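**Q** Need coordinates for the following:
(chains A and B)
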Amino acid sequence: MRILALIRQVLDAEETVRIRAGEVDLSASKLVVDTMDEYGVEQALRIRETGVDAEVVALAVGPERNQEALRTVLAMGADRAIHVMTELALDPIALSKVAAQVAQQENVDLIFCGGQQADWDSHALGAATAERLQWPQLTWVNALEIHGQTLTGRHDAEDGSEMFSVQLPAVITTQQGLNEPRYPTVPNIMRAKRKELRVESMESFHVEPKLKIIGAEIQVKARLHKILDGKDATAAAAELVQLLRDEARVIA
Amino acid sequence: MSGPAISNPRRATGGSFLIEDLGPEDIFTLEDLSDEQRQIERATVEFAEKEIQPRIAAIEAKDFGVTKDLLRKAGELGLMGVDVPEEHGGLQMDKVTSALIAEKIAICGSFSVSFSAHVGIGTLPLVWYGTAEQKKKYLSRLASGEWIAAYALSEASSGSDAMNLRTRAKLSADGKHYVLNGEKMWISNAGIANLFTVFAKIDGEKFAAFLIEAGTVGLAVGPEEHKLGIRGSSTCPLILTDCQVPVENLLGEAGKGHHIAFNILNVGRYKLGAAAIGGAKNAFRGGLRYAKERIAFSKPIVSFGLVQQMVADSAAGIFAGESLVYRVIGAIDASLAELEKSATTTGEIQKRIEEYAVECSIVKVWCSEMLERLVDQMLQLHGGYGYVEEYSAERAYRDSRINKIFEGTNEINRLIISGWTMKRAMQGRLALLPAIQRVMDEIVAGSKSREGRDGELAEQRFLLANAKKLSLFCAGAASEKFGSELAEQQEIMGALADMMMEVLALESAILRTEKMQGRSTLAVAMTKYYAARSVRILETSAERILGAVAEGDMLRTRMAIFHRLTKHVPENTVALGRKIAMAMTEVGRYTV
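**A** Residues are numbered from 1 along each chain as shown, chains lettered A, B, ... in the order given. Have a look, this model is predicted:
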């Protein structure tokens, strides 16, 4: 079988977001593989390690720097990588069009995708990809096993968990708790150098994003500078509790 | 791996930077890292942030189980095998890669020391001097982190004068064992080590090194020291009482143990430099984060000029330090890469590295002192919070201090810097004397026009050229006065070393910035900013030397030359400092 892991390169959570000319400027920032996507890669590798004859292919769509992310995933253990090069900012729906086409071209049986895209703050990529392929999707998966062509697993529900099973092909979106992604080791980093990283141009996928980002700004945290008069301590305490509960909503 | 980035790496060895003018293409810079090196750097950062960072409190509480666990994990990732040959479970990679790892591990001083003591002075003696059997027995265990190594040279009464050690070894009557007696002090990793490299004199004469396994009868580890900093690293005395070491555990040749002791130090020194850069970047990030968040007079304190000045000083220090460290290690790599074409012995490798002994010492001293200034400034901008343990600034401040002491005190290293350079000059291996003569002739002939003054760093290039001349002038004046007694004049040797350090650091920053070809305006600003500091140090050191070697008319004539060589128009370091601080503030960490 062939497993496709969708990889997105996003800003490291520790980094400061910077805006230049109405766009998020990533040029001098530390970028990482979206943690949610790492769960997918790790799970694909674990499936392969159970003895299933599987090839793990990683796909990234974006500017040249995405190849760093793909090299990292290759060093984790993916067999090969595909980079669709573009400077366009693709929303999840547009991106899914590329992902679905690659899945078809590559005769993929199973797709892993992060449950949430850190930069778009969206859950749509996995769903949209599944929809385009007319495949079942299972979201926010935190446990997964494979037996032949059947996947069984679990995901969180409101007050507990739901167990499921599904026949391949399918799209699985991940979440925290599914596994603990491995680190790329130094020997594997050296080996990854020799693995295939195929670069494709965006044109062949005929994608025109309908959604365009026209501006971006940093959220300014305004301080209220509210000072409670403490002459009557009991009243001040009561007012503080009321403010924390009803205005700030930090206590129940 | 880094070879192709430099066209002629062997030119700058053993102080030759004083007499040669290199171009940007001659030096290695961080911008020249290969994709693999960057990836290994990233992998190390991930390990440091996800594995070390959350455990710092436990490490600092001397929970050595945590340290051992982390060392094993680092071993599994391959971070400890970079200097170990492949046939013994290592990866045998370039020195830049191992320096990058040392830099990124250094987010916690205690762990950094445990790690460095293990992979450096702990493991390298075996790599370089071990027999096939010794390597087979121990090396893969050390590279994997299954075993921890320690290096025991210092004693209560011999530190800098290591040759003076009192530990004795005697061959047993049956010729099967050496029997060791003595005490070792301040042994890093002693409390967690499985294997010790212990130095002793056989029959009180022959300096030798022995591999001793923990648990060997007669080897006792004393109590943990209570230290100013790096409190989470293990430091204990060792007590050897009729300790029986099998003869096959003699490391290297009897009588040549000092080669082991000293050659290892060159590697330790450049790696210490790299670790200091890592510690500096981490402390800088913490300080900057605080300065952005802390409000005083209704504004974040980072918007105030004197805070920005601390930020800019620190950033420029990191920039020059990075340039210096990776230039030197890159040159060592390129030199070693030439070797690999032929069959290489470890002796040749050491000889090549030893060629850079002066530069390794410069890296050690310069970086440890840059780090010390930086952690002081980062603590300072925390105000009262800097003085309590709540913020990491306090720990960084304490942890930095050891760097000026171990791997040879900064005083010993200063004497090596100027001493080796002068020695090489006397041996005819470095054309220092003709260069001094040229400078004198040029001065007598009157000043030449400023040649080749274009480009953004033209003024700094001019300063650098004059700094070299000034250093040679001072070295000449001091030699004239003291002749062969110069080496005994430690204050003057120290001042000469300070001048050499600034020349190398400033040159590295200038060349790196030029190699970037305008891609970073920040690099240009930091180079200019740093140059202003360099000039002050050069002037102070030169005055110290000149004032001590002549008086009266002679001194006045020399000071006229001094003024000619130090004449310059100051940069606007206020504006530069603000620009640097604002750029760092925006990104929230050190950046180029």
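**Q** And the strands in chain A?
**A** Assigned strands in chain A, in chain order: A:2-7, A:9-11, A:19-20, A:23-24, A:31-33, A:55-62, A:80-85, A:110-114, A:137-147, A:150-157, A:160-167, A:170-174, A:197-201 (criterion: DSSP state E).
**Q** Now render these as JSON lines, adding mean neighbour count.
**A** In this view, the C-beta of every residue, glycine as well, is placed from N, C-alpha and C. Below are those laid out as JSON lines (neighbours: other Cβ atoms under 10 Å in any protein chain shown):
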{"stretch": "strand A:2-7", "mean neighbour count": "26"}
{"stretch": "strand A:9-11", "mean neighbour count": "21"}
{"stretch": "strand A:19-20", "mean neighbour count": "11"}
{"stretch": "strand A:23-24", "mean neighbour count": "14"}
{"stretch": "strand A:31-33", "mean neighbour count": "22"}
{"stretch": "strand A:55-62", "mean neighbour count": "24"}
{"stretch": "strand A:80-85", "mean neighbour count": "20"}
{"stretch": "strand A:110-114", "mean neighbour count": "28"}
{"stretch": "strand A:137-147", "mean neighbour count": "18"}
{"stretch": "strand A:150-157", "mean neighbour count": "16"}
{"stretch": "strand A:160-167", "mean neighbour count": "12"}
{"stretch": "strand A:170-174", "mean neighbour count": "26"}
{"stretch": "strand A:197-201", "mean neighbour count": "14"}
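**Q** Can you find the residue of the stretch 51-200 of chain B that comes nearest to chain A?
**A** Nearest residue of the stretch 51-200 of chain B to chain A: residue B:78, at 3.1 Å (Cβ to the nearest Cβ).
**Q** what residues does the stretch 51-200 of chain B put near chain A?
**A** B:76-79, B:81-82, B:91, B:93 (Cβ under 8 Å from any Cβ of the partner chain).
**Q** Narrow those residues to just the buried residues.
**A** B:77-79, B:81-82, B:91, B:93 (16 or more other Cβ atoms under 10 Å in any protein chain shown).
**Q** Looking at those, which are in helices?
**A** residue B:77 (DSSP state H).
**Q** Pop the domain breakdown of the chain in here.
**A** All of this is about chain A. Taking automatic domain parsing as the domain assignment, the ranges for chain A are A:2-205, A:222-252.
**Q** nope, chain B
**A** Split into domains by automatic domain parsing, chain B comes to B:16-148, B:151-256, B:412-587.
**Q** Would you mind finding the most buried of these?
**A** Mean neighbour count (mean count of other Cβ atoms under 10 Å in any protein chain shown) peaks for domain B:16-148 among those, with a mean of 21.
**Q** and that one, how far apart are its ends?
**A** 38 Å (Cα to Cα, to the nearest Å).
**Q** what's the offset of that domain from the middle of its chain?
**A** Put simply, domain B:16-148 sits 15 Å off its chain's centre (Cα atoms, centre = their mean, to the nearest Å).
**Q** And for stretch A:192-209?
**A** Distance of stretch A:192-209 from the chain centroid (Cα atoms, centre = their mean) equals 19 Å.
**Q** Any part of that stretch near chain B?
**A** Yes. Using Cβ under 8 Å from any Cβ, stretch A:192-209 comes into contact with chain B via A:192-193.
**Q** and the closest residue to residue B:283 other than its chain neighbours, what is it in contact with?
**A** Using Cβ to Cβ, 6 or more residues apart in numbering or on different chains and skipping the chain neighbours, the partner closest in space to residue B:283 is residue B:396 (4.2 Å). The contact partners of residue B:396, taken as Cβ atoms under 8 Å, 6 or more residues apart in numbering or on different chains, are B:109, B:279, B:282-283, B:286, B:375, B:378-379.
**Q** Show residues contacting stretch B:571-579.
**A** Everything outside stretch B:571-579 that qualifies as a contact, by Cβ under 8 Å, 6+ apart, is B:305, B:308-309, B:312-313, B:459, B:522, B:525, B:528-529, B:531-532.
**Q** Per-residue pLDDT of the residue of the stretch 1-150 of chain A found nearest chain B, please?
**A** Chain B sits closest to residue A:16 of the stretch 1-150 of chain A, with a gap of 3.9 Å, by Cβ to the nearest Cβ. The per-residue pLDDT reported for residue A:16 equals 83.
**Q** Which positions in chain A make contact with chain B?
**A** Listed as neighbours of chain B in chain A under the rule Cβ under 8 Å from any Cβ: A:14-16, A:18, A:28-29, A:68, A:71-72, A:75, A:183-187, A:189-190, A:192-193.
**Q** ok, residue A:129 touching residue A:112?
**A** No. Using Cβ atoms under 8 Å as the test, residue A:129 is too far from residue A:112 to be in contact (10.6 Å).
**Q** residues bridging contact with the two, i.e. touching both?
**A** Counting by Cβ under 8 Å, 6+ apart, the shared contacts of residue A:129 and residue A:112 are residue A:6.
**Q** circling back: so which of the domains of chain B gets nearest residue B:322?
**A** Residue B:322 sits nearest to domain B:16-148 of all those, at 5.7 Å, using Cβ to Cβ.
**Q** mean confidence score for the closest one?
**A** What domain B:16-148 shows for mean pLDDT is 95.
**Q** now swap in stretch B:189-205 and tell me
**A** Per-residue pLDDT over stretch B:189-205 has a mean of 97.
**Q** From the chain's centre, how far out is that stretch? Work that out for me.
**A** Counting by Cα atoms, centre = their mean, stretch B:189-205 comes out at 24 Å from the chain centroid.
**Q** now stretch B:197-207
**A** Offset of stretch B:197-207 from its chain centre (Cα atoms, centre = their mean): 28 Å.
**Q** Report how many residues lie close to whichever residue of the stretch 101-250 of chain A sits closest to chain B.
**A** Nearest residue of the stretch 101-250 of chain A to chain B: residue A:186, at 3.1 Å (Cβ to the nearest Cβ). Residues lying near residue A:186 (other Cβ atoms under 10 Å in any protein chain shown) number 25.
**Q** does it really touch residue B:92, like I thought?
**A** No. Counting by Cβ under 8 Å, residue A:186 sits too far from residue B:92 to count as a contact (11.1 Å).
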